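**Student:** Sequence and predicted structure below; questions after.
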Amino acid sequence: MIEAFDIHFSYAKSGAEILRGLSLSVADGEFVALLGTNGAGKSTLVNIISGFERQNLGRVLINSADTTKTSAIELAGMRAVLEQSFEPAFDPTAFELVLMGRYARTGALGNSDEDIAAAAESLRMTGLSEFADRRYSTLSGGEKRRANISRVLAQIYSDNGDYKGKNLLLDEPCAALDPAHSLLALKTAKALSKAGASVLCILHDPNQAFRFADKVALLKDGKIFFEGSPSEAANACMLSEVYGADCKITSAPDGFPVAIFC
């Protein structure tokens with residue numbers, strides 16, 4: 001479970017307040033989509049929840065543990081984070097990259113049979129098994145993204161299918177992905193939430209949030225502007241105000257709401 005209480009954050013150099021008293025929770029088994037314009041503070045919030053940045057005020061708990069009082073290796077055992085961008089210090093194969101996600105479990109002891117199986121299954125989950133032996137530098141942008149999704153999946157992989165107590169933070173998982181692989185990535189994240197994981201996912205497309213999220217949170221001016229169900233989030237007036245573009249809501253053939261900006 002992820003809990004953030006009254007989070008305030010400012011960058012030291014600029015002094016500009018990015019987050020202003022923001023609170024948000026993601027329960028076990030819940031998929032929460034985080035939406036907002038560029039610069040709204042979405043990535044900053046994920047970095048704070050992850051422990052990569054420290055808030056000025058407020059508290060973040062992951063599985064009831066205060067992130068400011070928890071070591072990096074302990075945090076890595078509780079949550080996995082897909083960053084906006086990631087470039088390894090060397091040029092691993094895709095398989096070696098995915099095995100990096102197991103470091104919190106194995107450290108310098110090497111990779112066990114369980115780690116090898118977790119990495120292979122994580123590559124399969126993103127449709128990247130055939131690229132396992134390819135060097136990272138030779139992959140396309142979308143293939144690199146899928147390899148990194150595999151890396152974070154391997155970090156929280158459960159061989160018994162129980163993901164309760166595991167937390168997945170995804171910063172724009174669909175960036176650089178084609179429609180089919182975007183769908184696969186979101187279906188995989190949704191499946192993990194149904195298996196008990198807490199999933200917090202930054203998305204730019206409200207329609208993806210409407211289709212996959214259990215809860216939608218809209219950021220505006222450093223605060224939660226709206227938090228509720230996807231059907232409640234599919235509000236043309238509200239989305240027009242948040243994104244600064246006229247919005248109309250219609251329905252897909254299968255009944256999900258669709259936001260069209262014009």
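**Tutor:** Cool, the structure landed. This is a predicted model, so every value here is computed, not measured.
**Student:** Could you pull up the residues touching the residue most central in space within the chain?
**Tutor:** The structure's the chain has its C-alpha centroid closest to Leu170; by C-alpha atoms, centre = their mean the separation is 1.2 Å. Shown in contact with Leu170 (C-beta atoms under 8 Å, 6 or more residues apart in numbering): 82, 149, 152, 189, 199-202. Heads up, the C-betas are built off the backbone N, CA and C, glycines and all.
**Student:** and the helix or strand hosting it, which strands flank it?
**Tutor:** Taking DSSP states H and E as the definition, one finds Leu170 inside strand 167-171. In the sheet containing strand 167-171, its partner strands are strand 79-82 (parallel), strand 198-202 (parallel), by DSSP bridges.
**Student:** In CSV, list the C-alpha atoms belonging to the longest one.
**Tutor:** Below are the C-alpha coordinates for strand 198-202, written out as CSV (Å, rounded to 0.1, in the frame of the first residue of the first chain):
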residue,chain,number,x,y,z
SER,A,198,-0.6,-1.4,-5.6
VAL,A,199,-0.1,0.3,-9.0
LEU,A,200,0.4,4.1,-9.4
CYS,A,201,0.7,5.0,-13.1
ILE,A,202,1.4,8.3,-14.7
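**Student:** Quick one: name whatever helix or strand follows that strand.
**Tutor:** Reading on from strand 198-202 to the C-terminus, the next helix or strand found by DSSP H and E is helix 206-212.
**Student:** Can you find the helix or strand of this structure with the lowest average pLDDT?
**Tutor:** Ranked by mean pLDDT, DSSP states H and E, the helix or strand of the chain with the weakest confidence is helix 103-106, at a mean of 75.
**Student:** That one packs against which elements?
**Tutor:** Under the contact criterion of 3 or more C-beta pairs under 8 Å, 6 or more residues apart in numbering; DSSP states H and E, helix 103-106 touches helix 72-78.
**Student:** elements contacting the helix it packs on?
**Tutor:** Contact here means 3+ C-beta pairs under 8 Å, 6+ apart; on that basis helix 72-78 packs against helix 103-106.
**Student:** how far out from the middle of the chain is the helix it packs on?
**Tutor:** Helix 103-106 sits 20 Å away from the centroid of its parent chain (C-alpha atoms, centre = their mean, to the nearest Å).
**Student:** So which bits of it are buried?
**Tutor:** Counting neighbours by 16 or more other C-beta atoms under 10 Å, one finds that the buried residues in helix 103-106 are 103-105.
**Student:** Skip ahead from it and say which helix or strand is next.
**Tutor:** Next in sequence after helix 103-106, counting helices and strands by DSSP H and E, comes helix 113-125.
**Student:** what sits up against that following helix?
**Tutor:** 94-95, 98-99, 101-102, 105-106, 111, 129, 131-132, 147, 150-151, 153-154, 157, 159, 188.
**Student:** Now that helix: average pLDDT?
**Tutor:** Here the mean pLDDT over helix 113-125 is 94, rounded to a whole number.
**Student:** how about that helix: buried residues?
**Tutor:** For helix 113-125, the buried set under the neighbour-count rule, 16+ other C-beta under 10 Å, comprises 115, 118-123, 125.
**Student:** what's the answer for stretch 41-54, then?
**Tutor:** In stretch 41-54, residues buried by neighbour count (16+ other C-beta under 10 Å) are 41-52.
**Student:** What about Phe225, how many residues nearby?
**Tutor:** Burial of Phe225, expressed as a neighbour count using other C-beta atoms under 10 Å, amounts to 16.
**Student:** make that Asn111, sorry
**Tutor:** The number of residues packed around Asn111, counting by other C-beta under 10 Å, is 15.
**Student:** who are the neighbours in contact with the residue nearest to it when sequence neighbours are not counted?
**Tutor:** The spatially closest residue to Asn111, leaving aside those adjacent along the chain, is Leu99, at 5.7 Å (C-beta to C-beta, 6 or more residues apart in numbering). Neighbour list for Leu99: 111, 115-116, 119, 154 [criterion: C-beta under 8 Å, 6+ apart].
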